[in-house]
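Student: what follows is a predicted structure for the sequence shown.
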Amino acid sequence: MTAEPTPTRPSDFIRDLVAADLAAGRHAGIVTRFPPEPNGYLHLGHVRSICLNFGIALENNGRCNLRFDDTNPVKEDVEYVEAITADIRWLIAGWADHCLGLKPQGAQPALQTVNGRADHYLAPATPGAATVEPFFASDYFDRLYAYAVELIKRGKAYVCDLSPEDTEKYRGSPELPGRDSPFRQRSVEENLDLFARMQAGEFPDGARTLRSKIDMASPNMWLRDPLLYRIRHVAHHHAGDRWCIYPLYDYAHCLSDYLEGVTHSLCSLEFIPHRALYDWILGSLDLPRPLPHQHEFAKLLPTYTLLSKRNILRLVQEGIVGGWDDPRLPTIVGLRRRGVPAAALRRFAIETGITTYNGVTDIALFEHVLRDELNRAATRRLAVLRPIRLVLTNLPAGEIIECTATNNPQDESPTTRTIALTREVFIEADDFAEVPPPKFFRLKPGGEVRLKYACIIKCDEIVKDAAGAITEIRCTAQLDTRSGQPNADKKVKGTIHWVSATQCLDAEVRLYDRLFTVPEPGAEEDFLKVLNPKSLEVVTAKLESSLATATPADRFQFERLGYFALDKDTAPGARLTFNRTITLKDTWAK
RNA sequence: UGCCUGGUGGUGUAAUGGUAGCACGAACGACUCUGACUCGUUCUGUCUAGGUUCGAAUCCUAGCCGGGCAGCCA
């Protein structure tokens, strides 16, 4: 008997719970959902939720609906709908694309009969359907309205005329019970009439609300007759101008889940007190299908970054970064522009696990998976960020020595390319020291070093300008140490990268670093005071000429420096612009 | 003085009454035509006190400490 190869399928308390529900026959299949509000961009913190929801769908042959939780038109915009949809597609591409739940364009929940009772259900689009779109909570406004009428008829909801200020006063505080609204005992007929008139636009914003009738003395604040509907005389980005009353999150969310046949509604820890309300609303209606259930897990909070929309917005608005897709930002668009592969984001989310404990995750773990992904995938190239001229005095000008370079040593059968060694080359300024510190393996006066893929050179002379700055290093090339030559196996302690001074490209290279200098900038009194002044440095680098054909999809390792990707600022035919995604690990303490 | 949650190395997690393990990190070493990768060694942990039990991170009691809850936001 041979052992089964054990796939590293994640296990956590939510997956256990899903498995248990399946085993108990509570659901025919698994449906999860990812419910962003279209009022900002997705960021690193969302990745855990996306990977959890899509991962569970994937592992159970289910689906994960992309649903916009768009119940607050004053904060939302179609711009975000499109950006978020694109981010999700990119993030799950090649992994869980087939689990992405979408619906036929314009589809609404359909009436059906279940066990002799009327019911509504919105089926997903069949795979490969021509015109599809995400789900929208706002597509359920008619249904939600009908459910609200039903709640009123059952004596479980009422129209309240209290002002926002009075509503707050009547609610009490966590230590003190609230008081019943003076409008709590209105008759069903009056409630029905008033609710219809709210919908008809007879009252101004804030004049009335529809509230659930639960328990104003509940120790759970979210059970003190929470609001179901408020009046907002504004048009909606998706639903148009048909409505002037809009449902609140708690009311819309559980019912949206139900209408879509969601089985497991996964959200973050702060919604724990809302769970009782989620269950109350669904339980107060006569719904024939199995009810969805809410389960909570801890948000992802990486160090050295800021995740809240408000804080990211401030960085954008104050011009500290260049926009929502600035590569220093933890937004998905920013990360993507920086060159981070989606697979690295997924691994980070999966490897940090799922728990109910709110902690911080060392960003070093992200950097580790990022380097690991890139190490496997990136094509090696030579580039010099801070060039210094080096002359091989025993090579005639104009002579070109072809050297063979490996494209990726991590490949099983690595391919190679040819690079040109010429009399004049550039090396990294850091790789030469006139007065070397201890254990300096690189080039120094009288010292030897290998030019990677070429030969060993010896430093004979330093040329300086009037100010004493080094302008040129003069060396002798030991051509018999090239690969295939008799002395190819000669050992030297250091190997450095280089590019031909005559066969190279100029490029703008943007060197990014962490945006903040402290692990938890969000805990500072003012995070602007802990900004890393060196989060971006722009240099003009010298690249080997094969990089001329780089495309945005390529991932490169500039040897001994780090991983780089072409930036979208690169205009066709113009000078190349590269972003540094992450440096190579550097264990040589400087 | 309310209710809801939660506490395992520096960090993230596993162990579901039976050897406290894994990963990141850090330190040192080996290898190296990338001071990368890889490999090896080492480092640090069950919040506290009682109890149940042959046996407790796990169950019970009490305490300590942390997070959350009073938007017509989600």
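Tutor: Cool, the structure landed.
Student: what residues does stretch A:149-162 touch?
Tutor: Stretch A:149-162 is contacted by residues A:148, A:167, A:170, A:181-186, A:188, A:190-192, A:194-195, A:198, A:207-213, A:225, A:228, A:281, A:284-285 when judged by Cβ atoms under 8 Å, 6 or more residues apart in numbering. For the C-beta atoms, the positions are set from N, CA and C on the backbone; glycine is no exception.
Student: just the buried residues from these, in ChimeraX please.
Tutor: Selection command for ChimeraX covering only the buried members of the contacts of stretch A:149-162, criterion 16 or more other Cβ atoms under 10 Å:
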select /A:148,167,170,181,183,186,191,194,195,198,208,209,210,211,212,213,225,228,281,284,285
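Student: keep only the contacts of stretch A:149-162 that also lie close to RNA strand B.
Tutor: Among the contacts of stretch A:149-162, proximity to RNA strand B is found for A:Thr167, A:Arg208, A:Thr209 (Cβ under 7 Å from any atom of the strand).
Student: how about the closest residue to A:Gly494 other than its chain neighbours, phi and psi?
Tutor: With Cβ to Cβ, 6 or more residues apart in numbering as the measure, A:Phe441 is the residue that lies nearest to A:Gly494, at 3.7 Å, once sequence neighbours are left out. Main-chain dihedrals, A:Phe441, degrees, to the nearest 10: phi -90, psi -10.
Student: find me the pLDDT at A:Phe441, would you?
Tutor: Listed pLDDT for A:Phe441 reads 95.
Student: got it, and A:Glu524?
Tutor: A:Glu524 carries a pLDDT score of 88 in this model.
Student: spit out the contact partners of it.
Tutor: Each residue near A:Glu524 by Cβ under 8 Å, 6+ apart is listed here: A:Val518, A:Val530.
Student: got it, and A:Glu76?
Tutor: A:Glu76 touches A:Glu37, A:Pro38, A:Asn39, A:Asp70, A:His237, counting by Cβ under 8 Å, 6+ apart.
Student: neighbours of the second one, just the number please.
Tutor: What it means is A:Pro38. 24 (other Cβ atoms under 10 Å).
Student: swap in the fourth one?
Tutor: If you count neighbours by other Cβ under 10 Å, A:Asp70 ends up with 27.
Student: the spatially closest residue to A:Gly398 that is not a sequence neighbour: neighbouring residues, count only.
Tutor: Nearest residue to A:Gly398, sequence neighbours excluded (Cβ to Cβ, 6+ apart): A:Arg423, at 7.7 Å. Counted with other Cβ under 10 Å, residues neighbouring A:Arg423 total 20.
Student: surely A:Arg423 touches A:Leu390?
Tutor: No. Contact criterion Cβ atoms under 8 Å: A:Arg423 and A:Leu390 do not qualify, at 9.8 Å.
Student: give the buried residues for stretch A:529-546.
Tutor: By neighbour count on 16+ other Cβ under 10 Å, the buried set for stretch A:529-546 is A:Val530, A:Leu531, A:Ser535, A:Leu536, A:Ala541, A:Lys542, A:Leu543, A:Glu544, A:Ser546.
Student: so where is the stretch 451-590 of chain A shaky, pLDDT-wise?
Tutor: Where the stretch 451-590 of chain A drops to pLDDT under 70, the residues are A:589-590.
Student: strands of that one, start to end?
Tutor: Using DSSP state E, counting those that start in this stretch, the strands of the stretch 451-590 of chain A run over A:456-464, A:470-478, A:495-496, A:498-500, A:504-512, A:536-544, A:556-558, A:562-566, A:576-583.
Student: wait, A:Ile400 touches A:Ile419, no?
Tutor: No. Using Cβ under 8 Å, A:Ile400 is not in contact with A:Ile419; the gap is 10.1 Å.
Student: which of the two has more neighbours?
Tutor: Between A:Ile400 and A:Ile419, counted using other Cβ under 10 Å, the more crowded position is A:Ile419 (23 against 14).
Student: of all the strands of the stretch 451-590 of chain A, which one is nearest RNA strand B?
Tutor: Taking Cβ to the nearest atom of the strand, strand A:495-496 is the member of the strands of the stretch 451-590 of chain A nearest to RNA strand B, at 3.9 Å.
Student: strands paired with that closest one, and their directions?
Tutor: Paired neighbours of strand A:495-496 in the sheet (DSSP bridges): strand A:448-451 (parallel).
Student: residues from the stretch 201-350 of chain A in reach of RNA strand B?
Tutor: The stretch 201-350 of chain A comes close to RNA strand B at residues A:205-206, A:208-209, A:219-222, A:226-227, A:230-231, A:246, A:248-250, A:253, A:269-274, A:298, as judged by Cβ under 7 Å from any atom of the strand.
Student: out of the residues you listed, which end up buried?
Tutor: When those are checked for burial by 16+ other Cβ under 10 Å, the buried set is A:208-209, A:220, A:222, A:226-227, A:230-231, A:246, A:248-250, A:253, A:271, A:274, A:298.
Student: for A:Ala93, state which of those is nearest.
Tutor: Nearest to A:Ala93 among these, counting by Cβ to Cβ, is A:Ala298 at 26.5 Å.
Student: which ones are touching that closest one?
Tutor: Going by Cβ under 8 Å, 6+ apart, A:Ala298 touches A:Ser268, A:Leu269, A:Ile354, A:Thr355, A:Thr356, A:Tyr357, A:Asn358, A:Gly359.
Student: which one is it nearest to, not counting chain neighbours?
Tutor: Leaving aside its chain neighbours, A:Ala298 sits nearest to A:Asn358 (4.9 Å; criterion: Cβ to Cβ, 6+ apart).
Student: and the one you found, how many neighbours?
Tutor: Neighbour count of A:Asn358, defined by other Cβ under 10 Å: 11.
Student: repeat for A:Leu370
Tutor: As a burial measure, A:Leu370 scores 24 neighbours (other Cβ under 10 Å).
Student: try A:Tyr229
Tutor: A:Tyr229 has 25 nearby residues by other Cβ under 10 Å.
Student: residues from the stretch 451-590 of chain A in reach of RNA strand B?
Tutor: Neighbours of RNA strand B within the stretch 451-590 of chain A, by Cβ under 7 Å from any atom of the strand: A:452-455, A:481-483, A:488, A:491, A:494-497, A:557, A:559-560, A:584-589.
Student: buried only: go through these for me.
Tutor: Buried members of those, scored by 16+ other Cβ under 10 Å, are A:Lys452, A:Tyr453, A:Ala454, A:Cys455, A:Thr481, A:Arg482, A:Thr495, A:Ile496, A:His497, A:Gln557, A:Glu559, A:Arg560.
Student: for the fourth one, what are its contacts?
Tutor: The neighbourhood of A:Cys455, defined by Cβ under 8 Å, 6+ apart, consists of A:Leu421, A:Ala477, A:Gln478, A:Leu479, A:Asp480, A:Thr481, A:Arg482, A:Gln485.
Student: how about a cut-off of 10 Å?
Tutor: Counting by Cβ atoms under 10 Å, 6 or more residues apart in numbering, A:Cys455 touches A:392, A:401, A:403, A:421, A:477-483, A:485, A:487-488, A:490.
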